[in-house]
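Trainee: Show me how the following folds:
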Amino acid sequence: MNQNILDVINSLGESDELLSIGEMEYSKIVQASEKIGVEFAKDFVEYTHNFGAISVGGMEICGIIDDAPYLSTVDRTLEMRDLFSDFPMDCYVIESVGIDNAVMVQKSDGKIYQFLHGHNLMLAADSLSEYLLNGGDFRKERVEYWKARSND
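Mentor: Numbering: from 1, shown residues only. Predicted coordinates:
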């Protein structure tokens, strides 16, 4: 699925309340990328340039933001690197799942994965657009998995 990220976000905003930080300058996006040493995927750059960071449909997608560390891709990525030695250095955080310190990460090729300390990365979507369209389903499935695992 290779839909335009801006079209996807705007369509989600038609059915759910869309909250956005607002446009971000390309220079700040480049600085953020350099700070964590990872090239951002093209769709992430386009998303952050137009929206900064968003909340829509129960998802809070991280972005480039200075005054909200929990929504900052840079802050969340650096925090995960500090906490977990197995956090992949070629990824950056796009969403905190909120269970077992799991986060959704993106690689520069655009693919989205779930990172959970001590486990292999789990592919969630081929792009940020696909994740936004289907991410809620992926997260519900993972919550059920974690609940079942904690009952073992």
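Trainee: From V30, how far out is V103?
Mentor: According to CB to CB, to the nearest Å, V103 and V30 sit 23 Å apart. Any C-beta I mention is one placed from the backbone N, CA and C, and that applies to glycine too.
Trainee: out of these two, which sits in the busier spot?
Mentor: Counted by other CB atoms under 10 Å, V103 and V30 do not tie: V103 has more neighbours, with 25 against 14.
Trainee: List the contacts of the more buried one.
Mentor: 76, 80, 93-97, 114-115 (CB atoms under 8 Å, 6 or more residues apart in numbering).
Trainee: let's go with 6 Å and repeat that
Mentor: 93, 96, 115 (CB atoms under 6 Å, 6 or more residues apart in numbering).
Trainee: Look up phi and psi at the most centrally placed residue in the chain.
Mentor: In the chain, the C-alpha nearest the mean C-alpha coordinate belongs to I94, at 1.6 Å (CA atoms, centre = their mean). Dihedral pair for I94: phi -110, psi -20, per degrees, to the nearest 10.
Trainee: mind listing what it touches?
Mentor: So I94 contacts 61-62, 104, 106 (CB under 6 Å, 6+ apart).
Trainee: Output the residues you listed as JSON lines; include the columns pLDDT.
Mentor: Shown next, in JSON lines, are the contacts of I94 (pLDDT from 0 to 100):
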{"residue": "I61", "pLDDT": "93"}
{"residue": "C62", "pLDDT": "95"}
{"residue": "M104", "pLDDT": "94"}
{"residue": "Q106", "pLDDT": "97"}
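Trainee: Which among those residues count as buried?
Mentor: When the contacts of I94 are checked for burial by 16 or more other CB atoms under 10 Å, the buried set is 61-62, 104, 106.
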